[in-house]
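1. One predicted model, sequence on top.
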There are 2 protein chains.
Amino acid sequence: MARIVMKFGGTSMAGTERIRRVANIVRRQQAAGHEVAVVVSAMAGETDRLVGFCREANPLYDPAEYDVVVASGEQVTSGLLALTLQAMGCKARSWLGWQLPVHTKEAHAKARITSIEVEALLASMQSGEVAVIPGFQGLSADGRVTTLGRGGSDTSAVAIAAAIGADRCDIYTDVDGVYTTDPRIVARARKLEYVTYEEMLELASVGAKVLQTRSVGLAMKEGVRVQVLSSFVDDDAPSADELPGTMIVSDVEMEGLKMESQQVTGIAHDKNDARIVLTRVPDRPGAVSGIFSPLAEAAINVDMIIQNVGRDKGETDVTFTVPQADLARAQALLEDRRGEIGFNRIITDTKVAKISVVGVGMRSHAGIAATMFRSLAERGINVQAISTSEIKISVLIDEDETELAVRVLHTAYGLDVEGVAAE
Amino acid sequence: MARIVMKFGGTSMAGTERIRRVANIVRRQQAAGHEVAVVVSAMAGETDRLVGFCREANPLYDPAEYDVVVASGEQVTSGLLALTLQAMGCKARSWLGWQLPVHTKEAHAKARITSIEVEALLASMQSGEVAVIPGFQGLSADGRVTTLGRGGSDTSAVAIAAAIGADRCDIYTDVDGVYTTDPRIVARARKLEYVTYEEMLELASVGAKVLQTRSVGLAMKEGVRVQVLSSFVDDDAPSADELPGTMIVSDVEMEGLKMESQQVTGIAHDKNDARIVLTRVPDRPGAVSGIFSPLAEAAINVDMIIQNVGRDKGETDVTFTVPQADLARAQALLEDRRGEIGFNRIITDTKVAKISVVGVGMRSHAGIAATMFRSLAERGINVQAISTSEIKISVLIDEDETELAVRVLHTAYGLDVEGVAAE
C-alpha cells in the first residue's frame, strides 16, 4: 500500500465522459489498496473563459477579485469528480483551497504556497475516502481566495504530495511521458523511463512543456518522486504502479538505477525567444551593466549574451535574447537609454530558435559541445549564440532550421530508437 | 444617508454588458451617500448548466458536492461585479459565503441561514467600500459549502439586510413591481405602490412569481422593508430612493400610509395544480385521515379539499388538489391504500387553474366572496372547489377559463387602471 497523489489537467477534465475516465483511473488506484488524493484542473477552456470575463469587466483587474472568479473553475471539477467517484461506489469528498487550507503568500494571481494543513485530509484518506482537491487555489493570510498563476495545478499536486509525505505524485497529461525530443519532429524519439529533476527543469524551460517549471523545482526541493503519464489509456493498460510513464528522480536515485551511461538525455527546442543586437556599444567598464540593469528591473528575462569585438577599436556589438512577448518593451526601454548606453543601432530578429542539448551525464563527459558544433556545421547550420549550464548547451539558430537541427543532434547523440524508419 | 441592500437576479447578471448596467445602478446609490451591499445571482442559465453537470456525473448526487459545484456560479458574478465597480472608480470587494460567513444549518442544497457574521462587512461598508455578496450560498457547521435551494438569492439578500439592519432591501428584477394581476392577461393591471408581506406571500405562492416565498416570510419575520423594482431602467429614471417599484411593508405601516381602503389588492392565478377525486369513500370517522396522512408523510402538499355527499347513503366523494409534479406519486400512494381507504374510483384532472383574490382589506370587509361567485357565475364559469384564508379566497376552475376569470374579477373589484382600453 502506498500513499499517492494523482493530478489531472484540463484536457482530462473536459466534460462528463472524460471525468468518468479519470474517475475510473482513480478507482483502480484505490482498489489497489492505496491512499489516494487527486488534484484537478478546471475543464479545458474554462479558465480562459473566466479570465476573458475579468478582462471585459476591468482591463486593469484587481488580482484579488480575479482570483475569486478564476478559482471557480477548479471548484467545479473537484465537486464533479467527487460525485463521479461516488457514482462508482468510491467514497470521495472535495477539499477546497480554503478548507484544507492551502496557505499562500505574496501576490494574488501568482501566489506561492507556504504551508498546507493536512490533518483532516489525512484522516479522511486513511478512512478510505478519496480526497479531491482543486489545483491552482489557496488562501491568503487575510482570508481571501488566491490562485497560483497559470499551470499552478502541477505545483499544487507536488506541494500536497510533499505535505502528506506521498510515495509518488503521478501527473496525468495528454502525453505518455517525457521523450528524448519532440516526437512530432523526430519519429525515432524515445520515451525516457527516468529523468532527473534538473534535466526536467532544463527540458521544461526550453520547450518540452510537459510539466510546469515551478512544480519541478518544488519536487526537487521537497524530494517528491513525480511520474508523468498519460490519462488516455485503456482499462487493461499497465497501472501507474508499474511506472509506465517517465519518473522524475534525484541525481542520487538516478545513479542508483545504474542506467546505461547516456551523456545526453534529450534535445529541446524553443521558438519563443527573440534576438536583439546593439551595435557599436563603447567598450568600457559598466557599459554592459547599463544595458542589462534596466531590463532586469523591468523583470525581462535575458538569456543568451554574446559580446563581439566591433569593427572599430573601443567598440563592441552586444547580442542577447529575450522572450518574444517582452521584445517591444525591451526595445522601448533601450531606446529610452540610447544616449546613456551609447549604442548605434538596435537590430531585432524573432525568426530564431533555441536548441538545447540536455543531460546530467554532461558533467562527467567531455566532447558534447564539440559533437554539437560539428554536427550542425556539417549541415550548414549557423550558430548565432551559445549558452551553457552544468547540464545543458543551447545554441541560437535560424528558426527555419529548427527541425533539421533537432533531427541531426538526436542522431548524433545516439538517441534514435531502433526499428523506426528515419524520416 | 441610508444603509441598503440591493439584489440582482440572473437575468440582470447575464454577461459583461448587463453587469455594467448593474454596476451603474449600484454606483448611483453609493454616489447618493448610501452604505451599499449588493447580493447577486449566477448568470442566467449558469446554475442550470452546473446542475446538469452534477446530474450527468451522478444522478443520485451527494448534496454536499452538488453545493460545491453550483455555488461557483454566484462566486463568479460577485467577483465580476466587484471588478466592474472598480473599473468605474467605486471601491468594492466580494465576500463569499464562507468568508462572512453566512452560517447555515440543515440539509445541503436546501440549507437555512441561522446567522451571519457582519462585523468585518460593516467596517468595510462604512469605509466606503461596496460589499458584493454571492447569493444562495453559505457555510455549514462542519465547514463545507452549502446552498439555499433554487431562488435562494432573494433569501440571502433579506437575511443580510436583517443582519446589518438595512433601511431597505431593493430586489431588482425583470419586472418593475408587483401588479394587481398578470399584465400579460389584463392590460389594465395596475402597479401597486405598497403591498403587505402577507399579501405578497399569497400573491407569490399562487403564481405572481416576483419574489421567492421564503424571502418574503423572512422579511416579515425580521421586519425588513423590501422594494421590488426593475433593473432595466435608463440612467435618468427615478432612483431607488424615490421608491419607483413596489414596497413590501407590514400591516401596521400599511395602515399608517392611509391608502384608499381597497378591499382586494390583487388577483393571482396558478396552473400548476392537479385535481384528484376519490369517489364513494365510506363516510365514517377516520376515512379522510386515511387519505391525507399518507400524502402528508410523502411531503405532498394538499391544498383545496371538498367533501361532497355521495349518491348513496354512507358514502361521499372527496375532491382535493396537489401540485401537478406530485400527481403521479399521489395517485400511486392512494392506489396502494385502496382497500384501506375503501374508495371506488380515482379521477384526476390537470386541466384546472386556481384563481385567488388577495387583500389584507378582506379581514374587515364582507361581501368579497359574494362578488366573486356572482361575477364568475354571470360569465358561466363553474367553480370546482374553494379554499379561503384570512386574506385570500381561491377557486378552482377549468384551465381554459383562466384569462376570462382573471379579467372578470379584476374589473369586479375595481382594480382596472383608467385610461387603458379594456381588452
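-> Looks like it came in fine.
2. quick check: domain ranges of chain A?
-> Chain A breaks down by automatic domain parsing into domains covering A:3-175+A:210-257, A:260-423.
3. residues contacting A:M254?
-> Neighbouring residues of A:M254 by C-beta atoms under 8 Å, 6 or more residues apart in numbering or on different chains: A:Y194, A:T196, A:V360. Placement of C-beta: from N, CA and C, glycine included.
4. returning to what we had before: worst mean pLDDT among the domains of chain A?
-> Between those, the one with the least mean pLDDT is domain A:260-423; it has a mean of 88.
5. Just give me the neighbour total for A:D273.
-> Using other C-beta atoms under 10 Å in any protein chain shown, the number of residues around A:D273 comes to 27.
6. in the sheet, who's paired with it?
-> With DSSP bridges as the criterion, A:D273 is bridged to A:P323.
7. what separates it from chain B, distance-wise?
-> Per C-beta to the nearest C-beta, to the nearest Å, A:D273 is found 33 Å from chain B.
8. and that residue, what does it touch?
-> The contact partners of A:D273, by C-beta under 8 Å, 6+ apart, come to A:D303, A:T321, A:V322, A:P323, A:Q324, A:V352, A:A353, A:K354, A:L396.
9. pretty sure the fifth one is in contact with A:N272, am I right?
-> Put plainly, it is A:Q324. Yes. A:Q324 lies in contact with A:N272 (C-beta atoms under 8 Å); the separation is 5.4 Å.
10. Next, the buried residues of stretch A:51-70.
-> Judged by neighbour count using 16 or more other C-beta atoms under 10 Å in any protein chain shown, the buried positions of stretch A:51-70 are A:51, A:53-54, A:56-58, A:61-70.
11. Identify the farthest-apart pair in those.
-> A:E56 and A:A64 (17.8 Å; C-beta to C-beta).
12. Compute the first-to-last residue distance for stretch A:122-138.
-> End-to-end span of stretch A:122-138 (C-alpha to C-alpha, to the nearest Å): 18 Å.
13. Where do the strands of the stretch 101-250 of chain A begin and end?
-> Ranges of strands in the stretch 101-250 of chain A, per DSSP state E, counting those that start in this stretch, are A:102-105, A:112-116, A:130-134, A:137-139, A:145-147, A:168-173, A:194-196, A:226-230, A:246-249.
14. In TSV: those strands, plus mean neighbour count.
-> TSV is the format used below for the strands of the stretch 101-250 of chain A (neighbours: other C-beta atoms under 10 Å in any protein chain shown):
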stretch	mean neighbour count
strand A:102-105	22
strand A:112-116	17
strand A:130-134	27
strand A:137-139	26
strand A:145-147	29
strand A:168-173	25
strand A:194-196	23
strand A:226-230	22
strand A:246-249	24
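15. Chain B is nearest to which of those?
-> Chain B lies closest to strand A:145-147 among the strands of the stretch 101-250 of chain A, at 7.3 Å (C-beta to the nearest C-beta).
16. mind listing what that closest one pairs with, with the direction of each?
-> Strand pairing for strand A:145-147, using DSSP bridges, gives strand A:137-139 (antiparallel).
17. Show me the contact partners of the strand it pairs with.
-> Residues lying outside strand A:137-139 but in contact with it, judged by C-beta under 8 Å, 6+ apart, are A:67, A:71, A:74-75, A:96-98, A:101-104, A:111, A:113, A:145-148, A:156.
18. and if we set it to 7 Å?
-> A:71, A:74, A:97-98, A:101-104, A:111, A:113, A:145-148 (C-beta atoms under 7 Å, 6 or more residues apart in numbering or on different chains).
19. Distance to B:G256 added to those residues, as TSV?
-> Shown next, in TSV, are those (distance: C-beta to C-beta, whole Å):
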residue	distance to B:G256
A:A71	48
A:E74	53
A:G97	51
A:W98	47
A:P101	51
A:V102	54
A:H103	54
A:T104	54
A:A111	54
A:I113	59
A:V145	46
A:T146	51
A:T147	52
A:L148	57
